[in-house]
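got a predicted structure plus its sequence, pasted below:
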Amino acid sequence: MRSITAGPGEPEGAAGGSGAGGASGRGIPGPEIPRSDLADTVLERLTEIYAAAADPERAVGAAAYMKHVAPFLGMPTAERRALSRTVLAGTPRPDEADCAAIALRCWELPEREYQYFAADYLRRHVKRCSSDFLPVARRLVADKSWWDTVDTLAAHVVGPLVAADPRLAAEMDRWIADDDLWIARTALLHQLRYKDATDTERLFGYCLRQADHRDFFIRKAIGWALREYAKTDPGAVRSFVESAQDRLAPLSVREALKNI
C-alpha cells in the first residue's frame, strides 16, 4: 500500500442551527495529496460528466438550502449517483492513497456535488483504508463543513476506521474536546452504526462533555446519537437521560427519547 504523508489538515441537521464554522478548515495545513493515476482518471471523467449535467436554476435553490456553504451544479441525488456509476465504470478498486487523492482533490473543487461524490466513494471503499487515513478524514470534516458531508464522514468513514482499530478511540477523545464544532459532532456521531458494539461509556461521556454546548448542531447530534443507541438498549438511554436531564438541552432530551 502506498503511504499517505502528512504535509506542513432530512438528515439530522437539516433544520435550524447557527452553523458556525461552515468553512472552518480552509487554510489549515493537512495531508498532502498523494500521486494517483486512478485519481487522474476519475477526476477527468467526473468533472466532464458532472459539468455536462449541471442545472443552474436548480443549483440556486440547492445552495440556498445548504446556507451557501458552497456553490452547486444542481443535480438531484438520484441523477448524481447514476452519473457517478458512469464515472466509475471499469475503474479498478482503489488503495488507500487512491482514496485520499480522489477525496482531497474533490474537496478542492468548488461545487458541492464533487464533495458528495468523494463522501460516497469513501463510504464504499473505507475498508481499504487503514488507521493512517484518519488525518485525511479529519481534514475533510474540517473543510467546507456542513451536516451534509460531515454526517456521512462521521458514521460511514470515521466510525468504521475506529471500529477497525480501537486505538483510534483515543483520538476520538481528543476530537470531542475540539473547538471546531464539526470535529466534536463527528466524535459524537462516529458510533451511530455500532449497535451492540457501542462503547456506552464513551457515548454517554461525550454527551455530557458537550451537554452545555450552545450550538444546535451539537445538541442535535447528542440527541441523535442517543436515539440511535436506544434502538439497541432503550433502557440504558432512558436511564442516562433521566440521570442527566438537568444538564442536557431540551432538544437533546426530546430527540433522545423520541422513539422510546
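Nice, I can see it. Everything numeric in this text was worked out from a predicted model, so none of it was measured. Numbering: from 1, shown residues only.

how about the helices in the stretch 1-150 of the chain?
Secondary structure of the stretch 1-150 of the chain (DSSP state H, counting those that start in this stretch): helices at 37-52, 56-65, 77-88, 96-108, 112-125, 134-142, 147-153.

before we move on, what about the stretch 151-260 of the chain?
When secondary structure is read from DSSP H, counting those that start in this stretch, the stretch 151-260 of the chain shows helices at 159-164, 169-175, 181-189, 200-209, 216-230, 234-244, 250-256.

mind putting the ones you listed into TSV with mean pLDDT?
Shown next, in TSV, are those (pLDDT from 0 to 100):
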stretch	mean pLDDT
helix 159-164	98
helix 169-175	98
helix 181-189	98
helix 200-209	98
helix 216-230	98
helix 234-244	98
helix 250-256	98
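
just those: most buried one?
Of all the helices of the stretch 151-260 of the chain, helix 181-189 has the most neighbours on average by mean count of other C-beta atoms under 10 Å, namely a mean of 27. Where C-beta positions appear, they are placed from N, C-alpha and C, glycine not excepted.

which stretch among the helices of the stretch 151-260 of the chain comes nearest residue 149?
Nearest to residue 149, of all the helices of the stretch 151-260 of the chain, is helix 181-189, at 9.3 Å by C-beta to C-beta.

which other residues reach that closest one?
The contact list for helix 181-189, computed with C-beta atoms under 8 Å, 6 or more residues apart in numbering, reads 20-21, 24, 138, 141-142, 145, 150-151, 153-155, 158-159, 172-173, 175-178, 206-207, 210, 213, 215, 217-218, 221-222, 224-225.

7 Å instead, please
Helix 181-189 is contacted by residues 20-21, 24, 138, 141-142, 145, 150-151, 153-155, 158, 172, 175-176, 178, 206, 210, 215, 217-218, 221-222, 224-225 when judged by C-beta atoms under 7 Å, 6 or more residues apart in numbering.

which residue packs closest to residue 46, ignoring adjacent ones?
residue 87 (4.9 Å; C-beta to C-beta, 6 or more residues apart in numbering).

contacts only, for that neighbour.
Residue 87 makes contact with 42, 45-46, 49 under the criterion C-beta under 7 Å, 6+ apart.
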